[in-house]
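I'll drop the sequence and a predicted model, then ask my questions.
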Amino acid sequence: MILLIYPIKSCWRGISKIIKIFQKLNVQKILVYCLSGKRGSVASQVLVDSGYKRVNNIQGGITAWVNAGYPVVVNPNFWTVNYPKVG
């Protein structure tokens, strides 16, 4: 299973619970992202320190992703967000 996670400040209080959920779901690959890459980097390190080996982080966050011209698909029924403008 591949899991995408977006770390927010409030999730750090329950990180041990989140890791236990990952273990129950048998999560093998994790892609972490945030807006600028900082929280994603920290979250990735926490997961690696917890024993996960296949953890990836989008360097520079979703901002760098969008500015590089990669696609972002958002379902407005579930999540609305303002992403940076390309170029």
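Arrived safely. Since we're looking at a predicted model, the values are computed, not measured. Numbers count the residues shown, from 1 in each chain.

Any stretches of this structure with poor pLDDT?
Within the chain, the stretches with pLDDT under 70 are 1-14, 74-87.

CA atoms only for stretch 44-52, dumped as PDB, please.
C-alpha atoms of stretch 44-52 as PDB (Å, rounded to 0.1, in the frame of the first residue of the first chain):
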ATOM      1  CA  SER A  44       9.700  11.900   6.700                       C
ATOM      2  CA  GLN A  45      12.500  11.700   9.300                       C
ATOM      3  CA  VAL A  46      10.100  10.700  12.100                       C
ATOM      4  CA  LEU A  47       8.800   7.900   9.900                       C
ATOM      5  CA  VAL A  48      12.300   6.700   9.000                       C
ATOM      6  CA  ASP A  49      13.300   6.800  12.600                       C
ATOM      7  CA  SER A  50      10.200   4.600  13.300                       C
ATOM      8  CA  GLY A  51      11.500   2.000  11.000                       C
ATOM      9  CA  TYR A  52       9.900   2.800   7.600                       C
END
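
Just the buried positions in that stretch, please.
Buried residues in stretch 44-52, counted by 16 or more other C-beta atoms under 10 Å: S44, V46, L47, Y52. Using the backbone N, CA and C atoms, a C-beta is placed for each residue, glycine as well.

residue contacts, S36?
By C-beta atoms under 8 Å, 6 or more residues apart in numbering, the residues touching S36 are G60, G61, T63.

My read is that the last one contacts L35, right?
Yes - applying C-beta atoms under 8 Å as the test, T63 and L35 come out as touching, 5.9 Å apart.
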